[in-house]
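Participant: the following comprises the amino acid sequence and a computationally predicted model.
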Amino acid sequence: MFKIDQKFADFSLEIYDPEKDEVGKITLEDFKGRWLVLFFYPADFTFVCPTELVDLNRRIDEFKKLNAEIVVVSTDTVYTHKAWLETEQILKDIKYKMAADHNGKFSKELEIYDESSGMAQRAVFIVDPDGILRSAEIVADAIGRSAGEILRQVKALDFVHKNPGHVCPASWDEGAQTLEPSIKKSGKVYKELK
């Protein structure tokens, strides 16, 4: 099971890299010094999943500006990932690695594995440059997630990572006002945000 603000689980996953058209391996250590967005989806050759992957791909340059790397994960194999990208027209320009948790081992360790379907749930984990889990979200299989919201969270997490002692209010986005908690400001947040 995962815990927020604790070291994220070590992993080793086989990946398909569509930019190089190669198979490789990744581990948590490979992302040291960078943000990692680990984006689990149920399966290749499905319906909501390709829309999510395209949405992420549209924002890839914005994630890169934050020193964040996206890795998408399902319980398919790297060969199925490659075939899906070659078959599904809207996925033709995907620029991030696709990991294969085909035996479900990592999904089970994170407790996001659906035994009845043999697939991972829709989950996203944001891991900081020190390997600490800073955000985890799981949603129902029938709804797609927003790359814009994931990006907003990475921006906020990056801001507080670089600015200790600051916190970001609800719906905070880059450039908006932050708060510095203090007993003197307790009960006066409205005034602080005015």
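Facilitator: Yep, it's here.

Participant: quick one, strands of the chain?
Facilitator: Secondary structure of the chain by DSSP state E: the strands cover 12-17, 22-27, 35-40, 68-74, 97-100, 113-114, 119-120, 122-127, 133-139.

Participant: what does the domain assignment say about the chain?
Facilitator: Residue ranges for the domains of the chain, per automatic domain parsing: 12-162, 165-194.

Participant: would you mark the buried spots in stretch 93-100?
Facilitator: Residues of stretch 93-100 classed as buried: 94, 96-100 (neighbour count, 16 or more other C-beta atoms under 10 Å). Where you see a C-beta, it was placed from the backbone N, CA and C, and this is true even at glycine.

Participant: could you tell me the least trusted of the domains of the chain?
Facilitator: Among the domains of the chain, domain 165-194 carries the lowest mean pLDDT, a mean of 85.

Participant: what about that domain, how long is it end to end?
Facilitator: 20 Å (C-alpha to C-alpha, to the nearest Å).

Participant: stretch 43-51 now?
Facilitator: 12 Å.

Participant: so which of the domains of the chain is the most packed in?
Facilitator: With neighbours taken as mean count of other C-beta atoms under 10 Å, these reach their highest mean count in domain 12-162, at a mean of 17.

Participant: what about that one, how long is it end to end?
Facilitator: 28 Å.

Participant: equivalent analysis for stretch 102-119, please.
Facilitator: 9 Å.

Participant: ditto for stretch 107-122
Facilitator: 11 Å.

Participant: what does that stretch contact?
Facilitator: The contact list for stretch 107-122, computed with C-beta atoms under 8 Å, 6 or more residues apart in numbering, reads 1-2, 9, 11, 40-43, 52, 73-75, 101, 104, 123, 125, 138-141, 143-145.
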